[in-house]
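A.B. asks: I'd like to go over a predicted model; first the sequence, then the structure.
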Amino acid sequence: MDDDAEKRFLIAHHLTKTFEAGELTLIQCDSGATAIKHLEKHAVHALVTDNSMSPVNGLELITWVRQRDETLPVVMVTGNPDIERVAVKAGASVVLSSQQYRDVGPILKTLLPAAE
């Protein structure tokens, strides 16, 4: 989830480089509100989100997710270093700085259970 299309593209690119064909289905949302609408209807195996979105920001999205699923892997990618502690408290599994977005694939792979 990111309201910035370029960031969504870059993160999706790095995720598809990490996972093999058929191992990953990406659903991209341009806001936390859109993500909630999707999550109300569809199960997902993980969530990658930015914080700076409107009308529902990443922290609010994580809080919403955690009220429904305590185990879903959630990765927050943010340019705000002050958000890390708050995001972890809200329930983020991992918080990456914007400069670390290239690492989202390998980190997410470690958070997901191995395919059987």
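C.D. replies: Yep, that arrived.

A.B. asks: next SSE after the host helix or strand of Ala87?
C.D. replies: For Ala87, the host element (DSSP states H and E) is helix 84-90. On the C-terminal side of helix 84-90, the closest following helix or strand by DSSP H and E is strand 94-97.

A.B. asks: now for that next one, which elements pack on it?
C.D. replies: Packing partners of strand 94-97 (3 or more C-beta pairs under 8 Å, 6 or more residues apart in numbering; DSSP states H and E): strand 74-78, helix 84-90, helix 104-111. Heads up, the C-betas are built off the backbone N, CA and C, glycines and all.

A.B. asks: for the last one, packing partners?
C.D. replies: Read it as helix 104-111. helix 5-18, strand 74-78, strand 94-97.

A.B. asks: could I get the ones you listed as CSV with mean neighbour count, mean pLDDT and distance to Arg68?
C.D. replies: Below are the helices and strands packed on helix 104-111 laid out as CSV (neighbours: other C-beta atoms under 10 Å; pLDDT from 0 to 100; distance: least, C-beta to C-beta, whole Å):
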stretch, mean neighbour count, mean pLDDT, distance to Arg68
helix 5-18, 15, 79, 23
strand 74-78, 24, 92, 12
strand 94-97, 19, 92, 19
